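Visitor: Provided below are the primary sequence and the corresponding predicted coordinates.
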Amino acid sequence: MMMIGRNWAAAIGLMLMTAACGASDTDAASVATPIKRTPITQSEFLPVKIEATIDKLVAEINESSIQTMQMAVLLKSLDDFFAPIATGANRAMGELGVSGRVTGNVLASTNASADQEQLMKLQTEQIKQAVEEGAEGIAITPFGEGNVAALDEAIAKGIPVVTLDTDLVSSKREIYVGILSESAGAAAGNTLLEMLPEGPPGTVLIHGWADPIWLDGVKRTQGAQSVFEEAGYKVLVHQSIYDDEARDVEVMRGEIEDADPPVVGLMGMFSDSYRCVLAADAAGVPDLPIVAFDFAPQTADFMRQERIKATHVQRQYYEGYLGPYIVYGIKSIGLDATKKILAPQLKDEQFDLGVDVVPWDKVDAYNAFLDEIGAEQ
């Protein structure tokens, strides 16, 4: 059984005791049954192509010889943005576990007071502990480059590693599952572009990220920026002041008022996108079209008021759900065979989940879909 390390806690994931307590592969094979996925009701937001890829992977696993596996899923958190990832991972671990194939835990830090560097060190300890306790596969939302050495040590021992949400391209991880930041940013940019006045001049203010300390944030911002610049608009990138909303809004207000040519639209790239509405109100231009990213409660509220015209939501549930299946697939049918199945969404070892585009008048329908898959945010 996987133990819980210092400052870490297990999610509500299933832990099957049979293999963890020492059952042989032969015993496991005798009780293994075909994997049965939890059915999901049809919805306009259901990612049909991704679902088809998962179905194919599960079918291939079911056709392969039974392999038992102890797995660790290590998340940054079990709350807020990461809650749907935990839901998906727990569901996949449960389906693999009931079929007699996988044992393990979904784990996350419980040290709310730790900073990024401390959390990265704690996660590195958890990686090493998981390996010491017999983990044969790891799916992880890494904190940063400080995790690379421990993950590469695990990979060198034949333990497959799949990164979720945040990639570590400098590591030897087998596959990354999540959005491709630049293309996701471009998708959001194209949504707003359709709402802008016909042709420039005009300035588009992007509430985004320019600090290279967070490369994915920079790439997402640049993806949107390139769309507007190619269309002839001037772009002003506002660096999010994430930990100070009042200051963030005040700085944006000044940027809107001083822009030349005038601001014709606002684009928010992260969960604090709703601040664009506050800044537009403060600058006295409440009618500017605003497009957001993620699905924070404030964003949903402003969408219901038609203040935010659309948002772009990451498919966190599918990040968590795919992680264990891909890790197990690598063990069961091999890395090359797994990549071949994932090929429709796989680019340079990165599985692109894309984003859900949610218009303002579909908020409740989207919430119903999230409720159906257990991925409320």
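Guide: Arrived safely.
Visitor: so which residues of this protein form strands?
Guide: Here the chain has its strands, by DSSP state E, at 8-10, 69-75, 102-109, 137-140, 161-164, 175-178, 203-208, 234-239, 263-268, 290-293, 310-314, 346-347, 350-352, 355-359.
Visitor: hey, least reliable of those by pLDDT?
Guide: Among the strands of the chain, strand 8-10 has the lowest mean pLDDT, at a mean of 41.
Visitor: list the contacts of Q116.
Guide: Shown in contact with Q116 (CB atoms under 8 Å, 6 or more residues apart in numbering): F143, G144. The C-beta positions use only the backbone N, C-alpha and C, and glycine is treated the same way.
Visitor: typed the wrong thing, it's S43
Guide: A365, A368, F369, E372.
Visitor: is there a quick ChimeraX command that grabs whichever of those residues are buried?
Guide: Of the contacts of S43, the buried ones go into a single ChimeraX selection, burial set by 16 or more other CB atoms under 10 Å:
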select :369
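Visitor: okay if I get the contacts of S43 as JSON lines plus pLDDT and distance to Y274?
Guide: Listed next are the contacts of S43 as JSON lines, based on pLDDT from 0 to 100; distance: CB to CB, whole Å:
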{"residue": "A365", "pLDDT": "95", "distance to Y274": "20"}
{"residue": "A368", "pLDDT": "94", "distance to Y274": "21"}
{"residue": "F369", "pLDDT": "95", "distance to Y274": "21"}
{"residue": "E372", "pLDDT": "91", "distance to Y274": "25"}
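Visitor: list just the nearest of the contacts of S43 to F45.
Guide: F369 (4.4 Å; CB to CB).
Visitor: related to what we said a few turns ago, keep only those of the contacts of S43 that are in helices.
Guide: A365, A368, F369, E372 (DSSP state H).
Visitor: wouldn't the third one be in contact with F45 here?
Guide: Translated: F369. Yes. Using CB atoms under 8 Å, F369 is in contact with F45, at 4.4 Å.
Visitor: ok, back up a step: most tightly packed of the strands of the chain?
Guide: strand 290-293 (a mean of 30; mean count of other CB atoms under 10 Å).
Visitor: packing partners of it?
Guide: Using 3 or more CB pairs under 8 Å, 6 or more residues apart in numbering; DSSP states H and E, the elements in contact with strand 290-293 are helix 181-193, strand 263-268, helix 275-282, helix 297-304, strand 310-314.
Visitor: what's the last one packed up against?
Guide: Packed against strand 310-314, as judged by 3+ CB pairs under 8 Å, 6+ apart, are the following elements: helix 181-193, strand 290-293, helix 297-304, strand 355-359.
Visitor: dump these to CSV, plus distance to E255.
Guide: Output for the helices and strands packed on strand 310-314, formatted as CSV (distance: least, CB to CB, whole Å):
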stretch, distance to E255
helix 181-193, 17
strand 290-293, 14
helix 297-304, 20
strand 355-359, 26
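Visitor: relative to P344, which of these is closest?
Guide: helix 181-193 (15.1 Å).
Visitor: mean confidence for that closest one?
Guide: The average pLDDT for helix 181-193 rounds to 97.
Visitor: quick one: it to strand 310-314, angle?
Guide: Inter-element angle recorded for helix 181-193 and strand 310-314: 160 degrees (by axes from the mean of the first three to the mean of the last three CA atoms, to 10 degrees).
Visitor: so helix 181-193 versus strand 355-359, what angle?
Guide: Interaxial angle of helix 181-193 relative to strand 355-359 (the same axes, to 10 degrees): 20 degrees.
Visitor: tell me the confidence at the most centrally placed residue in the chain?
Guide: Residue closest to the average C-alpha location in the chain (CA atoms, centre = their mean): D165, at 3.7 Å. The predicted structure scores D165 at 94 on the pLDDT scale.
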